[in-house]
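*Asks:* fold the following for me, if possible:
(one chain, ligands or ions: 1)
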Amino acid sequence: MTEHTRPLGLNELEEAKRALDVPLFAGLSGDADVSFEFFPPKSEKMEQTLWDSVVTLEPLNPRFVSVTYGAGGSTRERTHATVARIAKETRIPAAAHLTCVGASKAEIAEVAQSYWEAGVRHIVALRGDPPAEGQAFESHPEGYNSAAELVAGLKDIAPFEISVAAYPETHPEANCPQSDLDNLKRKLDAGASRAITQFFFTAEAFFRFRDAAGAAGIDAELVPGILPVSNVAQTRKFAGMCGAEIPAWMNDLFEGLDDHPSARQLIAATVAAELCRKLYAGGVRQFHFYTLNRAELSYAICHLLGKRPSGTAQEKAA
Ligand SMILES: Cc1cc2nc3c(=O)[nH]c(=O)nc-3n(C[C@H](O)[C@H](O)[C@H](O)COP(=O)(O)OP(=O)(O)OC[C@H]3O[C@@H](n4cnc5c(N)ncnc54)[C@H](O)[C@@H]3O)c2cc1C
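*Replies:* Prediction:
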């Protein structure tokens, strides 16, 4: 018997079956809902990139797009300007991230009120992190101490739709996973209608979290936050701060590609799309993409999930 005619062993058979099964992404109906996150641009050039990305992603009919709030509230004006522009010039519901850092309750009320007046009805309510890395969070003497308090405060200002943050691998400051879940429940009980998760890289992390949340009496929507990673070193730095684990296989996949940006992009899309496909297979129908203000990766993954474009900003203007 030659190597070519030898019957496959059990392990090989399993692998062959996996590889020969119908294409993983074949026949998906596009029934998933998607949303996209951006950060406020620092320059005119970055603003153009952001805007091009919004225009590219709009035809996918996202449920909403959100714009982050810089550490310590450092992007207050830019976040407001970006969210207000999205609300005015597109038909995508715009959501503004808002944090408790360095602001009194009265100042936060003023910001929230101005969002309401600009037609923004959705806030992603966060405690936030201090402006400098490694510092501990300290609440403003007249401010909110936690995201749960902020949610309750916002609900007193206007009937906002509110999303909050969740941590499949537990927030680094939490006493334990259960106390983090209790905190998530407090945020939802205070009036938030969904939780968007910190990024993670294995579907199991999300499924375990979803089960634990269910057991803790949380029945609100848990939307996985998807970060398509094309720069592992940068992601590692960020992951360390927010309690997400980068699996070893991810380093291997990107090794030797420092000078191959296109290959990195392809691999980034493959890894993130596979994660989304596993989540989809596990019943997930809502995905939130951390776009880093670039549309291509998120667009490609949405396409693989069966999303197809319809209706554009131009049609809205017509
Ligand atoms: C989807 C998403 C979007 C984000 N956007 C931004 C952004 O735009 N700008 C920004 O600066 N940051 C952003 N962050 C990061 C976030 O601000 C940080 O992770 C921050 O450290 C925690 O914010 P939180 O809203 O989860 O806080 P909280 O829900 O208040 O929790 C903070 C910590 O305190 C603990 N805790 C809270 N209350 C209690 C209590 N009563 N008893 C015991 N423990 C308690 C929690 O378990 C947790 O460990 C985002 C995170 C996510 C997942």
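
*Asks:* for the stretch 1-150 of the chain, what spans make up the helices?
*Replies:* With helices called from DSSP state H, counting those that start in this stretch, the stretch 1-150 of the chain shows them at 10-20, 44-57, 76-89, 105-117, 147-157.

*Asks:* which elements pack onto the first one?
*Replies:* Where contact means 3 or more C-beta pairs under 8 Å, 6 or more residues apart in numbering; DSSP states H and E, helix 10-20 is not packed against any helix or strand. The C-beta positions use only the backbone N, C-alpha and C, and glycine is treated the same way.

*Asks:* and it, average pLDDT?
*Replies:* Mean per-residue pLDDT for helix 10-20: 76.

*Asks:* contacts for that helix next, please.
*Replies:* When contacts are defined by C-beta atoms under 8 Å, 6 or more residues apart in numbering, helix 10-20 is touched by residues L8.

*Asks:* quick check: buried residues in whichever strand or helix holds V271?
*Replies:* Taking DSSP states H and E as the criterion, V271 maps to helix 261-281. Neighbour-count burial for helix 261-281 flags 264-265, 267-269, 271-273, 275-280 (criterion: 16 or more other C-beta atoms under 10 Å).

*Asks:* hmm, who's touching that helix?
*Replies:* Counting by C-beta under 8 Å, 6+ apart, 24-25, 28, 32, 201-203, 206, 224, 226-231, 250, 253-254, 257, 284, 287, 296-297, 300-301, 304-305 sit against helix 261-281.

*Asks:* how far is it from where the chain is centred?
*Replies:* Centroid separation for helix 261-281 versus its chain: 15 Å, with C-alpha atoms, centre = their mean, to the nearest Å.

*Asks:* tell me the first helix or strand C-terminal of it.
*Replies:* Per DSSP H and E, the first helix or strand lying C-terminal to helix 261-281 is strand 286-290.

*Asks:* not counting residues beside it along the chain, what's closest to T99?
*Replies:* G128 (2.7 Å; C-beta to C-beta, 6 or more residues apart in numbering).

*Asks:* okay if I get the helices of the stretch 1-150 of the chain as CSV plus distance to A215 and mean neighbour count?
*Replies:* Listed next are the helices of the stretch 1-150 of the chain as CSV, based on distance: least, C-beta to C-beta, whole Å; neighbours: other C-beta atoms under 10 Å:
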stretch, distance to A215, mean neighbour count
helix 10-20, 31, 9
helix 44-57, 35, 16
helix 76-89, 36, 19
helix 105-117, 33, 16
helix 147-157, 20, 20
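
*Asks:* just the buried residues of the contacts of helix 261-281.
*Replies:* Buried members of those, scored by 16+ other C-beta under 10 Å, are 25, 32, 201-203, 206, 224, 226-230, 250, 253-254, 257, 284, 287, 297, 300-301, 304-305.

*Asks:* so which of those are in helices?
*Replies:* Under the assignment DSSP state H, these contribute 203, 206, 250, 253-254, 297, 300-301, 304 to helices.

*Asks:* of those residues, which is the nearest to R76?
*Replies:* Of all these, R76 sits closest to L297, with 28.3 Å by C-beta to C-beta.

*Asks:* the residue nearest to T99 reaches A71, doesn't it?
*Replies:* Yes. If you go by C-beta atoms under 8 Å, G128 and A71 touch, sitting 6.9 Å apart.

*Asks:* so for A313, what's the pLDDT?
*Replies:* 44.

*Asks:* ignoring the adjacent residues along the chain, who's closest to A109?
*Replies:* Using C-beta to C-beta, 6+ apart, the closest residue to A109 is I157 (5.5 Å).

*Asks:* surely that neighbour and Q113 touch.
*Replies:* Yes. Taking C-beta under 8 Å as the definition, I157 is a contact partner of Q113 at 6.3 Å.

*Asks:* need the residues of the protein near the ligand, please.
*Replies:* By the rule C-beta under 6 Å from any ligand atom, the part of the chain lying against the ligand is 68-69, 71, 97, 99, 124, 126-129, 146-147, 165, 171, 173-174, 179-180, 183, 187, 196, 198, 225, 242.
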